[in-house]
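*Asks:* The sequence and its predicted three-dimensional model are supplied below.
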Amino acid sequence: MSVRPQTLAEKILSAKCGHPARAGETVVADVDLAFAQDGTGPLAIRQIEALGLQGVARPEATIFFFDHASPSPRRELSDDHRFMRAFCMKTGADFSEVGRGICHQLVAERYARPGMLIVGGDSHTCTAGALGAFATGVGSTDVAVAMALGRTWFRVPESFKVELTGRFEKGVCAKDLILHLIGDIGAAGATYKALEFSGDLKNLDMESRLTISNMAVEAGAKAGLFPADEITLTYLKDRGGKKLSPDPGADYEKILKYDLKKIQPMVSKPHTVDNTALARDLSGIKIDQVFIGTCTNGRIGDLQIAADILAGKKAAAGVRLLVGPASRETLLEADRRGLLKIFVEAGGIILPPGCGPCVGVHQGVLGSGEVVLATQNRNFKGRMGNPEGFIYLASPATAAASALAGKITDPREVL
């Protein structure tokens with residue numbers, strides 16, 4: 001019996017459950033990688049123990065990352081780290097120590113490959129979809145089951161096709177595209193759907209794709225998927241992998257079309273990601289802090305974009321400029337390129353690889369009434385440690401230009 005054409009989400013889940021899977025169907029599928037971070041890891045471990053499960057099914061494919069409180073700012077979090085390390089030593093599960101970087105960046109750098117099924121105890125696990133993997137965030141109980149049994153259940157999502165054409169103009173980044181899309185369809189516009197990006201993708205490098213996939217969940221999506229093409233295989237280098245794409249004629253619930261040339265610098269206003277506006281329409285809003293980094297925009301390309309704007313200049317008086325590389329490899333490469341010197345001379349503070357201020361635990365908690373422009377993925381009330389703070393989201397280019405001006409600025413004004 002012939003199989004009807006499949007979306008990328010259907011194709012990957014079919015391979016992992018052992019039969020042709022269709023959107024809307026519930027399947028039990030084998031998981032290639034299961035991970036948690038230091039916020040969700042202790043919960044997952046306790047769930048494994050509470051369910052009476054013994055250890056983990058595949059230690060080499062089970063990873064605990066220390067990134068949200070890295071290094072730990074409180075003894076309670078230090079005790080959580082000890083608890084996670086002890087579990088890994090007992091079960092053989094892998095763990096990524098403080099300072100190595102953010103889980104989503106490390107999964108992209110070291111583990112993800114096309115066709116993999118990845119679950120993580122963090123909503124931005126969808127980042128790895130940029131590499132042609134079905135990657136999704138799940139709750140602590142679900143990730144515990146996936147770790148202990150090597151498989152878990154999924155409802156196969158319907159898919160939206162996002163057709164892209166053209167090339168970004170100078171000063172416009174992938175972050176602007178995904179903010180534009182989220183503003184269009186809303187924070188719940190793709191709830192439990194897979195966003196599958198297609199079209200003329202040769203102008204989107206891997207770092208741009210990672211930014212876009214990372215924020216798919218901000219539209220409610222279960223996954224944000226790119227096909228695996230030559231750009232993917234070049235990024236993977238010696239990790240292996242092969243090309244992977246949806247079938248021609250696959251059934252999509254909705255088709256969205258964007259010409260990259262028409263995208264302009266965007267900003268998300270407090271306190272929701274879909275509360276978007278053009279950067280130029282917000283010019284003049286004073287800022288107290290700029291944060292360039294996170295799993296969304298803490299890669300070497302992001303830091304290079306920001307450094308090119310900041311080189312030889314100073315952040316405006318009264319603006320704290322924080323820069324957080326997403327991984328140790330990114331930090332080292334930034335050092336090799338001389339970017340760290342540029343940031344420091346501009347008045348910036350270099351943070352250790354990790355999530356930093358994004359989750360509001362340490363390294364940049366806002367004061368009451370303060371305004372931050374950040375390259376992270378969320379601006380919910382209280383996200384950066386103070387419900388009386390105001391978080392605007394933007395690209396590294398917009399963030400760097402705004403740091404110089406001391407107010408929200410369209411980066412094309414300084415390029």
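*Replies:* The structure has been received and is ready for your questions.
*Asks:* what's near enough to touch the residue nearest the centre of the chain?
*Replies:* The C-alpha lying nearest the average C-alpha coordinate of the chain belongs to N214 (Cα atoms, centre = their mean; 3.2 Å). Applying Cβ atoms under 8 Å, 6 or more residues apart in numbering to N214 gives the contacts H104, H124, C126, T127, A130, G224, C295, T296, N377. Where C-beta positions appear, they are placed from N, C-alpha and C, glycine not excepted.
*Asks:* Out of these, which sit inside helices?
*Replies:* H104, C295, T296 (DSSP state H).
*Asks:* right, and the second one touches P325 too?
*Replies:* It stands for C295. No. Counting by Cβ atoms under 8 Å, C295 stays clear of P325, with 11.3 Å between them.
*Asks:* Now whichever strand or helix holds T398 - C-alpha only, CSV.
*Replies:* In this assignment (DSSP states H and E), T398 forms part of helix 396-405. Taking Å, rounded to 0.1, in the frame of the first residue of the first chain, the C-alpha atoms of helix 396-405 are listed here in CSV:
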residue,chain,number,x,y,z
PRO,A,396,21.6,41.7,18.0
ALA,A,397,21.9,44.6,15.4
THR,A,398,19.0,46.5,17.0
ALA,A,399,20.4,45.8,20.5
ALA,A,400,23.9,47.0,19.7
ALA,A,401,22.6,50.2,17.9
SER,A,402,20.3,50.9,20.9
ALA,A,403,23.2,50.4,23.4
LEU,A,404,25.0,53.2,21.6
ALA,A,405,22.1,55.6,21.5
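*Asks:* what comes into contact with it?
*Replies:* In contact with helix 396-405 (Cβ under 8 Å, 6+ apart) are residues 171-173, 175-176, 265, 267, 279, 287, 290-292, 297, 302-303, 305-307, 309-310, 313-316, 319, 321, 346, 373-375, 394, 408-411, 413-415.
*Asks:* longest helix of this structure?
*Replies:* Max-length helix for the chain by DSSP H is helix 75-91.
*Asks:* tell me the mean pLDDT for that helix?
*Replies:* The average pLDDT within helix 75-91 is 97.
*Asks:* For it, buried residues please.
*Replies:* Residues of helix 75-91 classed as buried by neighbour count (16 or more other Cβ atoms under 10 Å): L77, D80, H81, M84, F87, C88, T91.
*Asks:* Then stretch 158-168?
*Replies:* Applying 16+ other Cβ under 10 Å to stretch 158-168 flags E158, S159, F160, K161, V162, L164, F168 as buried.
*Asks:* Might you specify the subset of those residues located within helices?
*Replies:* Reading helices off those, I find no matches (DSSP H).
*Asks:* Sheet-wise, list the partners of the helix or strand just after the longest helix of the chain with their directions.
*Replies:* Using DSSP H and E, the helix or strand that follows helix 75-91 in sequence is strand 94-96. Strand 94-96 sits in its sheet next to strand 62-65 (parallel), going by DSSP bridges.
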